[in-house]
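# build me a model:
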Amino acid sequence: MPLYLDAGDLHAVFTRRRADLKRHAGEISFPGGRQDEPDEDLRTTALREADEEIGLQPRDVELVGALPPVGTFVTGYRIFPFVGVIEPGRAWTPQPSEVDEVLELSLPALAAGFEARRLLRKGVPIKTPTYTVAGNLVWGATARIVESLLERLRPVL
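Model prediction:
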């Protein structure tokens, strides 16, 4: 979960996944993915995947913590979110086979766009927090990760 401070507000970096992917098509998520090897350190996985998906070099990230693991309902993944601080003003290099676009959303705008909703996805009703910023809907596991982050940062936002 790359975060940066710009104009006094914290911003988070997300990706919009390509619409033609088999899993989580068109959804907004944080850069990330699976371990290459079963014993690969999860921090290494997170940094490698951010580099592969958006061109964020591991040396440009200061890992500052982790959030509790979050599961996905439809695909059954378990996500281990790590929080990293980066410098603002980066030029992104989205991986064309997976990432449609990179989004930079301010945490105050995300908090203001909160709404608890029941969504229907692939025939499965899902009760989820949602965050809408400029027409971008963050929901599901990503929204639960955002919710966890905002709870921890509420005193400073």
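# alpha carbons only for contacts and neighbour counts from here, please
Will do.
# where does the prediction get shaky in the protein?
Where the chain drops to pLDDT under 70, the residues are 24, 74.
# please repeat the previous calculation with a cut-off of 90.
18-26, 32-40, 71-78, 118-128, 140, 154-157 (pLDDT under 90).
# quick one: the strands in it?
Per DSSP state E, the chain carries strands over the ranges 2-6, 9-17, 28-29, 62-66, 70-71, 78-79, 82-85, 99-106, 114-121, 124-133, 136-138.
# most neighbours per residue, which of those strands?
Of all those, strand 28-29 has the most neighbours on average by mean count of other CA atoms under 10 Å, namely a mean of 24.
# give me the residues contacting it.
14-17, 136-139, 142 (CA atoms under 8 Å, 6 or more residues apart in numbering).
# one step back: could the strands of the chain be laid out in CSV, adding distance to L42?
As requested, these are exported to CSV (distance: least, CA to CA, whole Å):
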stretch, distance to L42
strand 2-6, 15
strand 9-17, 19
strand 28-29, 17
strand 62-66, 11
strand 70-71, 14
strand 78-79, 10
strand 82-85, 9
strand 99-106, 21
strand 114-121, 28
strand 124-133, 26
strand 136-138, 24
